[in-house]
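S.K.: here is my input, please return the structure:
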Amino acid sequence: MTSKEIRQSYLDFFKSKGHQIVPSAPMVIKDDPTLMFTNAGMNPWKGIILGNDPIQYPRVADSQKCLRVSGKHNDLEEVGHDTYHHTMFEMLGNWSFGDYFKAEAIDYAWEYIVDVLKIDPKNLYATVFEGSKEEGLSRDDEAAAIWEKHLPKDHIINGNKHDNFWEMGDTGPCGPCSEIHVDSRSEEEKAKVPGREMVNKDHPQVIEIWNIVFMQFNRKADGSLEPLAKKVIDTGMGFERLVRTIQGKQSNYDTDVFQPMLHRIGELTDHTYGKNEDVDIAMRVIADHIRTIAFAITDGQLPSNEKAGYVIRRILRRAVRYGYTFLGQREAFLYQLIPQLIADMGEAYPELVKQEKQITPVIKAEEEAFLKTLDKGIGLLDKLMDEARKAGKKEISGVDVFTLKDTYGFPLDLTELILRENGMTTNEDEYNHALEHQKEMGRSANKQDLGDWQTLSDSPSKGENPEVEFVGYDQLECECHIVRYRQVTMKNGTFYQVVLDKTPFYAEMGGEVGDTGWLEVARPTGCDRLQVIDCKRENGLPVAIVKELPEPFQMPNAKISAKVDAARRQAISCNHSATHILHYALREVLGKHVEQKGSLVTPDTLRFDFSHFQKVTNEELRQVENLANQFVRESYPLEESRHTPIAKAKEMGAMALFGEKYGDDVRVIKYGPSIELCGGCHVSNTGRIGSIRIIMETSVAAGVRRIEAVTAANADGLFHRNVDMLADLRSLFNNTPDLMAAIQKQVEENSGLKKQIDDYMAEKATMFRDRMLDSAEDYNGIKLVRLVGDYDPTMIRNVLPLMRGKFTDMKFAVVGATFFEEKPTISIFLSQPMVDAGKNAGAIIKSAAKHIQGGGGGQPWMATAGGRDINGLQAAMEEMLAALV
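M.R.: Purely as a prediction, here's the structure:
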């Protein structure tokens with residue numbers, strides 16, 4: 001069977017078992033603060049598993065795009081070096097939400113693996129949870145008994161808590177699991193060591209292919225377990241590993257999932273897979289990483305220096321670096337692999353085909369930028385090695401190596417490779433200390449302690465998994481009750497997350513910030529007004545964030561009035577509706593290739609990212625703005641359809657955004673000719689926006705532009721500030737009627753005066769140099785100029801370069817220990833013969849600067865440093881003079 005046939009056979013099998021087959025959710029997660037990427041097949045179903053989302057289908061199956069590179073599932077450094085780890089991978093999964101449980105899940109797995117795929121049962125092993133005394137849990141005898149229908153007892157293996165007890169996180173649903181392992185070793189190897197002894201021992205040919213999780217507990221914040229109200233089956237089978245098993249290969253990379261790509265990499269780089277181990281590793285890294293990079297960009301995540309974007313940039317740069325080091329690629333080439341990727345995976349994931357023109361230029365630009373970084377990093381590393389050699393050392397500072405990686409993006413393993421080639425090393429302890437310090441800073445900044453959810457048993461919505469009614473599209477106030485709450489402690493203080501049974505507060509999602517407002521709690525003598533500082537979405541559940549709670553006796557059955565800050569909501573709605581209008585106007589002016597790539601909607605401004613392959617000209621921006629404001633003046637009413645089948649919405653012409661996850665029923669927002677799928681807050685009529693003013697247009701990445709704009713009162717404020725600025729400018733020019741001519745005249749006059757000053761300063765510097773040379777003395781065979789006293793450091797920095805080239809055949813030096821406005825400065829100049837003799841001005845200054853409590857540096861022939869302690873100038877002078885000899 002081909003990989004495409006295997007994938008389809010899985011979906012067909014579970015469809016025959018009554019499962020709803022659904023498409024893969026995006027690999028990039030946008031509205032879950034706990035995750036950046038889908039790292040397991042269950043991620044799209046967290047809301048249902050936690051009880052926050054309704055169960056639409058009790059049985060579901062899919063093939064889900066996943067990415068594991070950071071945090072708990074950090075496989076990145078192993079990718080390419082072994083035969084079965086990947087960054088992006090496909091997870092075949094089937095789920096039961098309160099329907100079937102252990103017996104059916106195990107029986108279905110056995111039927112598919114043995115009867116459909118024809119895997120030999122004698123090569124299969126199953127693990128079951130052995131129990132845990134500290135948890136008070138016994139062995140999963142129920143699962144073991146079911147497996148005994150299919151496997152001999154010596155093929156059923158007890159597994160510890162680490163391997164056979166699955167947890168979503170520190171808290172939440174969890175339970176025992178049962179893994180299916182397959183032994184693909186030769187018969188000779190099996191005869192020597194039984195397969196049961198190789199399970200979970202990291203043998204490359206004895207691997208787990210399927211994990212069946214029996215979610216039956218909920219982990220509380222205090223670590224205790226309680227039974228789940230509805231049990232869940234969550235299974236995941238690694239597609240690449242399964243294909244390898246079916247196709248009888250020893251490596252995932254030997255299957256038809258990767259072989260066409262490896263062949264194409266070989267064509268582009270003039271290498272053959274299977275001839276050299278270093279080359280093979282590099283080719284595997286690239287074949288794996290190009291999938292991750294392309295799918296991430298397809299799902300809307302561009303490489304950047306922050307969060308998810310940083311992860312993608314790191315993966316891309318790792319691929320470039322392996323191509324650079326082992327395949328000799330000095331120019332961008334990864335982008336040329338996209339057509340092959342589309343040929344391999346475009347049928348299963350058609351979004352790749354539709355986004356090809358977006359993916360390719362982004363990858364190419366990122367490659368080219370990083371290749372420049374590599375060249376710069378090699379230059380900096382060469383300088384560090386030269387300094388170490390001159391100091392008689394074979395080790396360079398681990399702190400310097402960390403700076404190369406952290407500041408300049410130069411990979412550690414490439415640094416180590418270059419050092420080895422030059423017979424040098426780095427101080428690993430220093431490097432690890434700097435790395436750990438940075439990690440600790442990040443952990444401290446992001447650490448938060450979550451308390452257990454406290455459910456109010458007397459509240460109208462009982463049970464641990466409330467359904468929240470959102471009424472905020474229609475009203476900004478409502479009566480409600482607190483269903484549950486929990487305390488959250490962070491570095492900057494303590495606050496509370498509150499779930500209401502009915503809420504007008506919009507929870508942050510889709511680029512739109514969350515609402516703020518108040519909770520008014522009635523009491524006999526009046527009411528308490530608690531400020532809602534934000535509203536977030538926690539696993540699909542809208543959560544209001546407050547700094548304090550009502551008194552405990554007030555909460556059960558208390559009448560609470562939830563009120564949205566109406567002025568702030570109106571400003572947000574104006575900006576959100578304006579993004580739809582700008583999207584429409586951009587497509588009209590620039591072309592239908594324009595598609596939204598991201599947005600941010602706040603009360604003060606809006607930001608809109610879109611696909612376009614060149615800078616938008618000022619004239620085009622004016623056309624977009626004019627068309628958008630004409631759209632506003634048309635006063636199109638909001639036409640809203642809240643529960644529209646997605647197929648019908650697309651028939652209506654609604655634009656769906658790549659990388660967004662849509663359900664079967666969607667909300668359609670229509671203003672005149674603009675039709676989009678959107679869950680955000682909008683004005684009732686475009687005329688309410690008033691006006692739209694574009695304030696900035698920039699590049700975000702290759703093929704992606706960004707505009708920022710203001711609307712309504714903020715647009716009025718921008719207009720008034722500009723009018724006031726023009727009035728102030730006119731007053732500076734005596735209210736001249738032709739302001740531009742007056743400014744131009746002033747610029748020209750200033751330019752002429754600046755030239756005169758520059759000429760004067762150059763003449764002055766030359767005269768100063770000549771006076772310095774007249775004061776030169778002989779010092780141990782060196783022609784020396786000493787500078788002491790009150791001197792402007794700017795003059796010294798201007799004069800010293802004038803010395804260069806004048807003393808090519810003699811040892812000449814200028815040593816300065818000066819002060820200006822009570823601030824000390826040290827400086828040094830060395831002629832070329834002194835530099836050739838091994839003297840280094842930068843190193844001398846760096847050492848002497850400690851006497852003045854300062855720092856600085858420069859080049860081998862000239863360097864300066866400033867400091868704070870003027871009393872150290874004499875000691876600094878003495879050290880610099882001693883270093884010359």
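S.K.: secondary structure element for the nearest residue to Thr272 once chain neighbours are set aside?
M.R.: Spatial nearest neighbour of Thr272, excluding adjacent residues (Cβ to Cβ, 6 or more residues apart in numbering): Gly266 at 5.5 Å. In short, each C-beta sits where N, CA and C put it, glycine included. Assigned by DSSP states H and E, Gly266 belongs to helix 259-269.
S.K.: tell me the buried residues in the helix or strand of the chain with the lowest mean pLDDT?
M.R.: Using mean pLDDT, DSSP states H and E, strand 448-450 stands out as the lowest-scoring helix or strand of the chain, at a mean of 76. Of all the residues in strand 448-450, those buried under the rule 16 or more other Cβ atoms under 10 Å are Leu450.
S.K.: who's in contact with it?
M.R.: Under the contact criterion Cβ atoms under 8 Å, 6 or more residues apart in numbering, strand 448-450 has outside partners Asp170, Thr171, Ala221, Arg486, Val488, Thr489, Met490.
S.K.: any of the residues you listed buried? List them.
M.R.: Among those, the ones that count as buried by 16+ other Cβ under 10 Å are Thr171, Arg486.
S.K.: related to what we said a few turns ago, in the helix or strand that the helix holding Gly266 is followed by, what's buried?
M.R.: On the C-terminal side of helix 259-269, the nearest following helix or strand under DSSP H and E is helix 277-298. Buried residues in helix 277-298, defined by neighbour count with 16+ other Cβ under 10 Å: 279-298.
S.K.: off-centre distance for helix 277-298?
M.R.: Computed by Cα atoms, centre = their mean, to the nearest Å, the separation of helix 277-298 from the middle of its chain amounts to 18 Å.
S.K.: so Lys563 is in contact with Glu477, correct?
M.R.: Yes. Applying Cβ atoms under 8 Å, one finds Lys563 in contact with Glu477, separated by 4.8 Å.
S.K.: joint contacts of those two?
M.R.: Common contacts of Lys563 and Glu477, defined by Cβ under 8 Å, 6+ apart, comprise Pro504.
S.K.: looking just at contacts, which helices and strands does the helix holding Gly266 meet?
M.R.: helix 277-298, helix 338-345 (3 or more Cβ pairs under 8 Å, 6 or more residues apart in numbering; DSSP states H and E).
S.K.: avg pLDDT for the last one?
M.R.: With pLDDT averaged residue by residue, helix 338-345 scores 96.
S.K.: okay, the angle between that helix and helix 277-298?
M.R.: Between helix 338-345 and helix 277-298, the angle comes out at 80 degrees (axes from the mean of the first three to the mean of the last three Cα atoms, to 10 degrees).
S.K.: for whatever helix or strand comes next after helix 338-345, what is the distance to the chain centroid?
M.R.: Using DSSP H and E, the helix or strand that follows helix 338-345 towards the C-terminus is helix 351-354. Put simply, helix 351-354 sits 22 Å off its chain's centre (Cα atoms, centre = their mean).
S.K.: list the buried ones in the following helix or strand past helix 351-354?
M.R.: Later in the chain than helix 351-354, the nearest helix or strand by DSSP H and E is helix 356-390. Judged by neighbour count using 16+ other Cβ under 10 Å, the buried positions of helix 356-390 are 356, 358-367, 369-371, 373-374, 377, 380-381, 384-385, 387-388.
S.K.: re earlier: who's in contact with the residue nearest to Thr272?
M.R.: So Gly266 contacts Thr272, Tyr273, Met283 (Cβ under 8 Å, 6+ apart).
S.K.: what's the distance between Gly842 and Leu884?
M.R.: Computed as Cβ to Cβ, to the nearest Å, the Gly842 to Leu884 distance reads 14 Å.
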